[in-house]
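Trainee: any chance you can model this:
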Amino acid sequence: MNIYHSLDSFKKLEYGVVTSGTFDGVHLGHKKILSRLREISEESGGESLVLTFWPHPRTVVSDDSQGLQLLSTIDEKIELFSQLGIQHLAIIPFTRAFSELSSDEFIQQILIDKIGTKKLVIGYDHRFGRNREGSFEFLKKNCAAYGFEVEEIPRADIENMAISSSRIRNSLTTGHIHEANELLGRPYTLTGTVVKGKQLGRTIGFPTANLHLHESYKLVPLNGVYIIEATHFDMKYKGMLNIGVRPTVDGTVRTIEAHLFDFDKEIYGEDLQLELLHYLRPEQKFESLDMLVGQINIDREQALNYFSGNQ
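Mentor: Predicted coordinates for the structure are as follows:
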């Protein structure tokens, strides 16, 4: 996949099959659009291109974007688009000036002059241009003059799947990790660097890797204990994850701490990716460390049963 962080050096396509959007999470609804994009490009002999924007447009134009939490980092999106067989990915720097482009200016300057769009594929109710004034109806009315065709993924196709980034965010923040994973079409992931914590876990027999996320805007799910799989240098390990403030030891700062089974390496400063598979229980305060250790042993047993298929 060819990646462009602006269109300044982009060589205009002879037959561009294009879609645009933020694609937060690159979930199953998005994949339907991207699958159709790839299908059309193969049928027509054209080249598929995804046009996306960074930073997220809401952080630039919306007054209520403070604290916006996203399902995917830009690096995660790049990897997901690559896995889906997209040929070109153009990441447009989203600025206040860019947001002021009218729909007509966006179509002419970006889709036609810069990219060479011959077929545009969009999801239902997709809008673009200043104040989201551009619509499918506008495109259908004017596509002959612009010199490209437009196809909209039917509303029913997406609604029948009942998928949206907002719904996935809600599932994650309420502990419904199975629902979120089902809508994403894959496990939700957290990726970061392992940093030194208070190292309490190793004193009670459960050493943990304390994860510092690469991006502060990445959504962290509901506090609690999860069953996970971790990837470290392409090796996978089963384990458990605690997200929370560790109230039993009077903690006040939210941490992400993974305990990996059959793993005894020192990995401070190294990257770790966690796939959240199952929500075991909420975080809770125990009257003593012994009671906490007892519960962790129960959690471990449940996790092992999960992996052995006996849950």
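Trainee: now the helices: where do they sit in the stretch 51-200 of the chain?
Mentor: 57-61, 74-83, 96-99, 103-105, 136-146, 155-161, 165-173, 177-184, 200-203 (DSSP state H, counting those that start in this stretch).
Trainee: which of these is buried the deepest?
Mentor: Per-stretch averages of neighbours, counted by mean count of other Cβ atoms under 10 Å, single out helix 177-184 among the helices of the stretch 51-200 of the chain, with a mean of 20. All C-beta atoms are positioned from the backbone trio N, CA, C, and that covers glycine.
Trainee: His126: what's it in contact with?
Mentor: 20-21, 136, 152 (Cβ atoms under 8 Å, 6 or more residues apart in numbering).
Trainee: do the same with Lys198
Mentor: Lys198 touches Val249, counting by Cβ under 8 Å, 6+ apart.
Trainee: how much space between it and Gln284?
Mentor: 19 Å (Cβ to Cβ, to the nearest Å).
Trainee: and for the residue nearest to Thr174 when sequence neighbours are not counted, the neighbour number?
Mentor: What sits nearest to Thr174 in space, not counting adjacent residues and going by Cβ to Cβ, 6 or more residues apart in numbering, is Leu222, at 6.1 Å. For Leu222, the neighbour count with other Cβ atoms under 10 Å is 17.
Trainee: let's have the helices of the stretch 51-200 of the chain in TSV, adding mean pLDDT and distance to Arg36.
Mentor: Shown next, in TSV, are those (pLDDT from 0 to 100; distance: least, Cβ to Cβ, whole Å):
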stretch	mean pLDDT	distance to Arg36
helix 57-61	82	23
helix 74-83	95	15
helix 96-99	88	26
helix 103-105	87	22
helix 136-146	80	14
helix 155-161	57	10
helix 165-173	93	19
helix 177-184	96	19
helix 200-203	68	47
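Trainee: would you list these in CSV and tack on distance to Tyr306?
Mentor: CSV is the format used below for the helices of the stretch 51-200 of the chain (distance: least, Cβ to Cβ, whole Å):
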stretch, distance to Tyr306
helix 57-61, 36
helix 74-83, 25
helix 96-99, 46
helix 103-105, 49
helix 136-146, 44
helix 155-161, 27
helix 165-173, 19
helix 177-184, 12
helix 200-203, 21
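Trainee: which strands or helices does whatever helix or strand Leu292 lives in pack on?
Mentor: Following DSSP states H and E, the helix or strand that holds Leu292 is helix 289-308. On a contact count with 3 or more Cβ pairs under 8 Å, 6 or more residues apart in numbering; DSSP states H and E, helix 289-308 meets strand 224-232, strand 235-244, strand 271-281.
Trainee: domain ranges for the chain, per the record?
Mentor: Per automatic domain parsing, the structural domains of the chain span 2-163, 183-308.
Trainee: wait, which of the ones you listed is closest to Thr174?
Mentor: Nearest to Thr174, of all the domains of the chain, is domain 183-308, at 6.1 Å by Cβ to Cβ.
Trainee: can you give me the end-to-end distance of that closest one?
Mentor: End-to-end distance of domain 183-308 (Cα to Cα, to the nearest Å): 24 Å.
Trainee: and for stretch 172-186?
Mentor: 13 Å.
Trainee: on that earlier part again, now the angle from the helix holding Leu292 to strand 235-244?
Mentor: Inter-element angle recorded for helix 289-308 and strand 235-244: 140 degrees (by axes from the mean of the first three to the mean of the last three Cα atoms, to 10 degrees).
Trainee: so what's the spatially most central residue of the chain closest to, chain neighbours aside?
Mentor: Closest to where the C-alpha atoms of the chain average out (Cα atoms, centre = their mean) is Ser72, at 2.4 Å. Closest residue to Ser72 apart from its sequence neighbours, by Cβ to Cβ, 6+ apart: Gly25 at 5.3 Å.
Trainee: look up how far His126 lies from that neighbour.
Mentor: From Gly25 to His126 the distance is 16 Å (Cβ to Cβ).
Trainee: just list whatever residues bridge to Ile227.
Mentor: Beta-bridge partners for Ile227, by DSSP bridges, are Met240, His278.
Trainee: ok, it - contacts?
Mentor: Contacts for Ile227 (Cβ under 8 Å, 6+ apart) come out as 239-241, 276-278, 280, 302-303, 306-307.
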